[in-house]
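[1] This is a predicted model, with the sequence first.
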Amino acid sequence: MATVALVGSTGLVGSHILSILVPHSSISSIFAYTRRELPSNSPKLNPLSSTDTLTWVSLFPKSPVPNIFFSALGTTKAQAGSVANQRKIDLDLNLDLAKAAREAGVETYVLISTAGANSGSRIPYSQMKGELEDKVKEIGFKHTVILRPGLIGGTRQDSRPTEYVIRALANGLRKVSPGMVDFWSQDADTIARAAVNAGLQASEGIKEEGVWVLSQKEIVQLGKE
């Protein structure tokens, strides 16, 4: 039985991760960061509640120490107000929490990144995701699991107009034939299941130690298990 921590628990992918963790027979306890009330009152769930994200690092659980830390934390430029503010969440806060997890003794870290992550990219979002990947690899977790999904399918209130149209197209095509979109878009629930399965496989020693990067194809495969 594993104890886990989760940040991004009310986001598109993170909310699905939480909904999978709560009834999961291999999970005994869940510590979930949140700025608002969570939809579950399961006795497994221990909310880490604060509207001030600057306090989140100090809230990281140390007793018991989580076996796995899942990060589905992210925001958009529109929500943050600027690229600089977006970096404070997507890069800085994510990195600080990863460091806090390692210092607490967490051995398995699971990050929801993006297919375009590249620290050398000229696209700000891809660049900050790539920087985060590079830096968490250096922290030294026993297992570092990075998922790189494409366009995330599902209902998202903050979608940009163009993104909304593409996401709606992907959701429609997926109902007709999943194979038409699996190579460029994955459903949030599929990504979440892949993250949970990968984290447990790593934590249970099924996967060898080190960095495990899941491509879109691997996310789809693992998300169906």
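    Nice, I can see it. Numbers count the residues shown, from 1 in each chain.
[2] Tell me which residue lies nearest the centroid of this structure.
    Ala72 (2.4 Å; CA atoms, centre = their mean).
[3] residue contacts, that one?
    Applying CB atoms under 8 Å, 6 or more residues apart in numbering to Ala72 gives the contacts Leu6, Val7, Gly8, Ser9, Gly11, Val13, Gly14, Ile17, Ile112, Ala192, Ala195. Every residue, glycine included, has its C-beta placed from N, CA and C.
[4] what sits against the fifth one?
    Read that as Gly11. The contact partners of Gly11, by CB under 8 Å, 6+ apart, come to Ala72, Leu73, Gly74.
[5] related to what we said a few turns ago, separation between the residue nearest to the centre of the chain and Ser113?
    Using CB to CB, to the nearest Å, Ala72 is found at 10 Å from Ser113.
[6] same question, His24
    Distance from His24 to Ser113, counting by CB to CB: 23 Å.
[7] who's more crowded, those two?
    More crowded of His24 and Ser113, by other CB atoms under 10 Å: Ser113, with 22 against 16.
[8] for that one, what are its contacts?
    By CB under 8 Å, 6+ apart, the residues touching Ser113 are Lys129, Leu132, Glu133, Ile146, Leu147, Arg148, Pro149.
[9] and which of these is nearest Ser28?
    Ser28 has its nearest neighbour among these in Leu147, at 23.5 Å by CB to CB.
[10] Quick one, grab the pLDDT at Ser25.
    On the pLDDT scale, Ser25 is placed at 97.
[11] What degree of burial does it show, as a neighbour count?
    So Ser25, with other CB under 10 Å, has 6 neighbours.
[12] That one sits in which helix or strand?
    Using DSSP states H and E, Ser25 falls within no helix or strand.
[13] swap in the one 5 residues further on?
    Counting by DSSP H and E, the secondary-structure element that holds Ile30 is strand 27-34.
[14] all strands of this protein, in order?
    For the chain, the strands defined by DSSP state E occupy 2-7, 27-34, 45-49, 68-71, 108-112, 143-147, 151-153, 185-187, 210-214.
[15] Let's have these in JSON lines, adding mean neighbour count and distance to Pro124.
    Shown next, in JSON lines, are these (neighbours: other CB atoms under 10 Å; distance: least, CB to CB, whole Å):
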{"stretch": "strand 2-7", "mean neighbour count": "24", "distance to Pro124": "21"}
{"stretch": "strand 27-34", "mean neighbour count": "20", "distance to Pro124": "24"}
{"stretch": "strand 45-49", "mean neighbour count": "16", "distance to Pro124": "29"}
{"stretch": "strand 68-71", "mean neighbour count": "27", "distance to Pro124": "19"}
{"stretch": "strand 108-112", "mean neighbour count": "27", "distance to Pro124": "18"}
{"stretch": "strand 143-147", "mean neighbour count": "24", "distance to Pro124": "19"}
{"stretch": "strand 151-153", "mean neighbour count": "20", "distance to Pro124": "18"}
{"stretch": "strand 185-187", "mean neighbour count": "25", "distance to Pro124": "22"}
{"stretch": "strand 210-214", "mean neighbour count": "16", "distance to Pro124": "22"}
